[in-house]
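Colleague: build me a model:
(chains A and B)
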Amino acid sequence: MDLTTLRAKYIEAVAAAATEAALEDVRLAALGKKGEISALMATLGKMDPDQRKAAGAAMNLLRDEIDAALRAKKAGLADAALNERLRSEWLDVTLPGRPRPHGTIHPVSQVMEELTAIFADMGFAVAEGPQVESDWYNFDALNIPPEHPARQEHDTFFMHRAPGDNRPPHVLRTHTSPVQIRAMTENGAPIRVIAPGRVYRMDMDQTHTPMFHQVEGLAIDRDISMANLKWTLEEFCRAFFEVDRVELRFRASHFPFTEPSAEVDIRYSNVGGQLRIGEGDKWMEILGSGMVHPKVLAAAGVDPDKWQGFAFGMGIDRIAMLKYGIPDLRAFFESDLRWLRHYGFAALDMPDLAGGLSR
Amino acid sequence: MKFTLSWLKDHLETEAPLDDILYALTDLGLEVEEVVNPAAKLTPFTIAKVLHAEQHPDADRLRVCRVLTDEGEKQIVCGAPNARAGITVVLCKPGDYVPGIDTTLGVGKIRGVESHGMMASERELELSDEHNGIIELPSGEVGDKFVDWLAANRPGTVDPMIHIKITPNRPDALGVRGIARDLAARGLGTLKPLDIPVIAGAFDCPITVRIDPALKTKGCPHFAGRLIRGVKNGPSPDWLQQRLKAIGLRPISALVDITNYFTFGLNRPLHVFDAAKVTGVLRIHPAQGGEQMLALDGKTYTLSPGMMAISDDNGVESLAGIMGGDLSGCTPETTDVFLESAWWDPITIAATGRALRINSDARYRFERGVDPAFTLPGLDLATQMVLDLCGGEPSHLAQDGAAIITTRAYRLDPARVISLVGMDIPEAEQRATLTALGFTLNGDMASPPSWRPDVLGEADLVEEVARVASLSKLVGKALPRAEPGVPRPILTPLQQRERMARRTIAALGYNECVTYSFIDEAAARLFGGGGDAVRVDNPISSEMSHLRPDLLPGLLRAAARNQARGFMDLSLAEIGPVFTGGEPEEQQLQATGLLVGQVAPRDPYGSRRPVDVFDAKADVETVLSALGAPSRVQITRKVAGWWHPGRSGAIGLGPNVMASFGEVHPKVLAEMGVKGPAVAFTVFVAAIPLPKVKTPTRPALAISDLQAVERDFAFVVDKSVEGLTAVNAALGADKALIASARIFDQFTGEKAEAQMGAGKKSIALTVRLQPTDRTLTEADIEAVSAKIIEKVAKATGGTLRG
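Modeller: Okay, the predicted model is just below:
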């Protein structure tokens, strides 16, 4: 058979092969050890050199051509097979993704971290104290003697006292102020701390819960003034509420543990039920503050003739409600899944000053 | 504390507008809570004159009037019988809102005749219930504002009522005069002098007063009184009634109204006895206990030993300084009255008031501190008022004891004031403020007035100066950083851990809750609490009676509430305090996660399955690892009773338990009303040891390029053998070579026992060998495998599964 016929035969066979197996049969028939072209090439050895040279070149050409055709066909068949497979692998991608749980951080925790980020930048550490407090820390050391009318106004929860234990009953701390005493007793002055945490008052209605959260602030140094207090609170509110400016108004008031004392109002507007801090013509009380009373300093072992400074106390739940538009305090502690999901924060949504506190 | 503007102006000479006064009050620390200004609704109305009135053509009872107004003559149809020419009337024009009929007027046509407004009756303007005719004014010019006429002629009707909040340190502001004094110091007017009359007694007081020696030094140092005979006790005059009504008090009779007037006007509570009903000496004494008295509020009180009482031969006549008795109370028939003015110890009054639960205006004032120097002047002023309003003849003074001396002085350091407040208040202004508030200045020493018991030190002087100077003028001043440069980290290791625990738990899919620190006793008892030491003596409800011993009960209750709303699958967590006892130091931080129901919603991939103990274990291990707990720990079954005894464990290091995890005991679950399954974990955050050295440097990474080899082993062991025993034994076979070992399969249950014998199971272990110096040969591997088999068999009592 001449090479031309041979070529035509195999090119045709390659084209006709419908499967990889058929194609392999063609390859074996042509180029396999016992294949037709291989057999033909085996005859070269018996030829004389000149003949061999001419025939060899032609045969090599034929062999390469058939080989290339085989390879091309093989690739084509593989592509077709893959395409067929891909066609059969169609899925309904509108189906839901595999379920993953989505946890949330409670707004109180989030806001505590926000507070901490802001005050840490101003050099305030975070102090802590127990929630069951002796009445000395909760009242006496804060210049609220036993018969002071302020004690009655605190709606205090008292712990049970065993018969025969004649100490005054412990209380559930009514404010975070006792942490001032503990922090100063432990660290002395100068000191800058905030103390966020749970506090307790015997009060439950539309706007009160028997437990809520406060943050105490305390800064004691040689010459800290009430003007420094105002600046600190202004800076805090500006950063916390994430507005360009805030306006605070100090109003004289009375707390036994500060003197002078001031209640602090913040300027806001109410546009269509939405509160906007820093604008408008309304004022809302947001915290109590003042210069730490010399008796309080003395009770904590700090010499009031050498040291002075300010303290403030603010409701954490309340500023969380203001900032995030949460309407009802009671819902904070009800653990309603719908509420937790709606008002909660993502696990990795960690407030910091560089990125801004909220997203 | 409530008062009216005209009452204030009795003490304060001022032209200041109401708004300025209100602003100053709040700014001074006398926070305005409410203002009721009756004039506000009357401002549109003007005075007019009826020029001519004639019968309406189509209605018998109506008249058509021509009325002269500030806008010229108007025609008004009026139905009042007294509408006639010549009278001066109050005009409401079209467009005005008339409060008494709740209507905004328009131009109307009444039976065909146009009417341009109306002439008002008293009731239509809510001045009184009078509605027999329209108001006829005895004076007033056309066009005058009606409110101005009222202010000049019937000031009580347009007197704004002001309600302010008084902080406990300001008893002096519980009298109108004290408030006036503050405003005067602020520069809003001048405090008018208070002239004390000289009462010339006409006879000796027939009632003797005597303070028991037990009370003389503390409880009642000073008691005074005077009899006024021949009084006529009828209703008090209109102006007095109007004032009392304006502040919410009910006028009773002249004598009683006078005592209330002094209580609110001058912070001088008084008491009036009907002298005819007093027998013998009035004795001020501590109660023996058990005495009973019917008080003026109609209730009978039983006294405890030590409470102060005023008694005569008939028994207790008054709860001293708190409330008088009904028996000797004044009535319209009273002709002889004994007027009492005394000074009571605030602490004793407070204790008695609290014990008897009486909240009277007198108690409120005495327990905050009434001016001890004003006992006698107050009595004289009140006597004069009784004489003026009720007539009669006063006796000489009857008294025992004397006013306590409150003289004291504190140094005024103007520089310190400026340093504390951060405001430049000149020394002269500081001194002027204190003087205006009644302080006596002597050099740099300031003596507080007798009516300011709250001023007890230099700091109080600072407060007085600051609040009068106005804190709203305070300008913020930057608080310099304590140290220059980048702020140092401030969280303690435990605080950082608390955060890390919270964020890790949320990242694992839990919804963080904040539940109450107190729970009900039954729930507390289920979790090892509920004892007396953690009992709240005065809980707000029985659901909140005990401090929680653990976070789980609160989360289980939350789960039950959510399940009741139809949410059955829950991942709830809390990071917060629990209380092991009732002492301050008996508080611990826990981080707890609770999984209830199924791990996932139904989906096409079969993800849904019930939560199980290994979900909780995986989560607790993640949390422990995030908090830096060591990876080699012991797992024991020493857990508390609220866990499933066979499906729970404690993770610890020796005796130090760092966490518990497991299935919640089905009985506990049932009692808490939660539909299971439920698994949970609790991490005792403080129990995780802190690293001995804190350094950011990591240990060097030791990795080998040599091929690691994994070998699997299966052992037949007793059912009760724990996998960790096998793992630890395998790890011990060659500590250098074995990088890790873990259980990757187990075969238990009936089929397993059928194959391997009753009470047996099989566990499969994979061990990773990591050579460090040379590639392992088959012989090396055989050798270590043999050792592993030997060690595991020895430790577990099992055999290699053939």
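Colleague: going forward, measure contacts and count neighbours with C-alpha atoms only.
Modeller: Fine.
Colleague: find the closest residue to chain A in chain B.
Modeller: Closest approach between chain B and chain A, counting by Cα to the nearest Cα: residue B:509, at 3.7 Å.
Colleague: quick check, that residue in contact with residue A:104.
Modeller: Yes: using Cα atoms under 8 Å, residue B:509 is in contact with residue A:104, at 7.3 Å.
Colleague: the more surrounded of those two?
Modeller: residue A:104 (30 against 23; other Cα atoms under 10 Å in any protein chain shown).
Colleague: what's the spacing between that one and residue B:681?
Modeller: 18 Å (Cα to Cα, to the nearest Å).
Colleague: wait, what's in contact with the nearest residue to residue B:127 once chain neighbours are set aside?
Modeller: Of all residues not flanking residue B:127 in the chain, residue B:157 sits nearest, at 6.9 Å (Cα to Cα, 6 or more residues apart in numbering or on different chains). Residues near residue B:157 by Cα atoms under 8 Å, 6 or more residues apart in numbering or on different chains: B:38-39, B:127, B:150-151, B:242.
Colleague: closest to residue B:782 among these?
Modeller: Among these, residue B:38 lies closest to residue B:782 (Cα to Cα), at 103.4 Å.
Colleague: contact partners for the closest residue to that closest one other than its chain neighbours?
Modeller: Distances taken as Cα to Cα, 6+ apart place residue B:158 nearest to residue B:38, at 5.2 Å, with adjacent residues excluded. Counting by Cα under 8 Å, 6+ apart, residue B:158 touches B:37-39, B:147, B:150-151.
Colleague: counting neighbours, which of these comes out on top?
Modeller: When neighbours are taken as other Cα under 10 Å, the top entry among these is residue B:147 (23 neighbours).
Colleague: circling back: reformat the contacts of residue B:158 as CSV; add pLDDT and secondary structure.
Modeller: Output for those, formatted as CSV (pLDDT from 0 to 100; DSSP: H, G, I helix; E, B strand; the rest coil):
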residue, pLDDT, secondary structure
B:37, 88, coil
B:38, 85, coil
B:39, 85, coil
B:147, 91, helix
B:150, 90, helix
B:151, 85, helix
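Colleague: any chance of the residues you listed in a markdown table, with distance to residue B:790 too?
Modeller: Converted to a markdown table, the contacts of residue B:158 look like this (distance: Cα to Cα, whole Å):
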| residue | distance to residue B:790 |
| --- | --- |
| B:37 | 97 |
| B:38 | 99 |
| B:39 | 102 |
| B:147 | 108 |
| B:150 | 110 |
| B:151 | 109 |
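Colleague: just the closest of those residues to residue B:772, please.
Modeller: Closest to residue B:772, out of all of the contacts of residue B:158 and judged by Cα to Cα, is residue B:37, at 92.4 Å.
Colleague: next one: the residue lying closest to that closest one once chain neighbours are set aside relative to residue B:4, how far apart?
Modeller: Excluding the flanking residues, the one nearest residue B:37 by Cα to Cα, 6+ apart is residue B:160, at 4.2 Å. Look at residue B:160 and residue B:4: by Cα to Cα, they are 5 Å apart.
Colleague: same question for residue A:87.
Modeller: 89 Å.
Colleague: repeat for residue A:96
Modeller: 69 Å.
Colleague: okay, those two: which has more neighbours?
Modeller: residue B:4 (23 against 10).
Colleague: in contact with the more buried one, which residues are there?
Modeller: B:159-162, B:243, B:246-247.
Colleague: can you name the two of these that are farthest apart?
Modeller: B:162 and B:243 (11.7 Å).
Colleague: list residues touching both of these two?
Modeller: Both residue B:162 and residue B:243 are in contact with B:3-4, where contact means Cα under 8 Å, 6+ apart.
Colleague: which residues does residue B:793 contact?
Modeller: Per Cα under 8 Å, 6+ apart, neighbours of residue B:793: B:715, B:799-800.
Colleague: and stretch A:291-305, which residues are buried?
Modeller: Neighbour-count burial for stretch A:291-305, counted by 16 or more other Cα atoms under 10 Å in any protein chain shown, picks out A:291-304.
Colleague: now distance to chain B, secondary structure and pLDDT too, for the residues you listed, in JSON lines please.
Modeller: Output for these, formatted as JSON lines (distance: Cα to the nearest Cα, whole Å; DSSP: H, G, I helix; E, B strand; the rest coil; pLDDT from 0 to 100):
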{"residue": "A:291", "distance to chain B": "7", "secondary structure": "strand", "pLDDT": "97"}
{"residue": "A:292", "distance to chain B": "10", "secondary structure": "strand", "pLDDT": "97"}
{"residue": "A:293", "distance to chain B": "7", "secondary structure": "coil", "pLDDT": "96"}
{"residue": "A:294", "distance to chain B": "7", "secondary structure": "helix", "pLDDT": "96"}
{"residue": "A:295", "distance to chain B": "9", "secondary structure": "helix", "pLDDT": "95"}
{"residue": "A:296", "distance to chain B": "12", "secondary structure": "helix", "pLDDT": "97"}
{"residue": "A:297", "distance to chain B": "12", "secondary structure": "helix", "pLDDT": "97"}
{"residue": "A:298", "distance to chain B": "13", "secondary structure": "helix", "pLDDT": "97"}
{"residue": "A:299", "distance to chain B": "15", "secondary structure": "helix", "pLDDT": "96"}
{"residue": "A:300", "distance to chain B": "17", "secondary structure": "coil", "pLDDT": "96"}
{"residue": "A:301", "distance to chain B": "18", "secondary structure": "coil", "pLDDT": "96"}
{"residue": "A:302", "distance to chain B": "16", "secondary structure": "coil", "pLDDT": "97"}
{"residue": "A:303", "distance to chain B": "14", "secondary structure": "coil", "pLDDT": "97"}
{"residue": "A:304", "distance to chain B": "10", "secondary structure": "coil", "pLDDT": "95"}
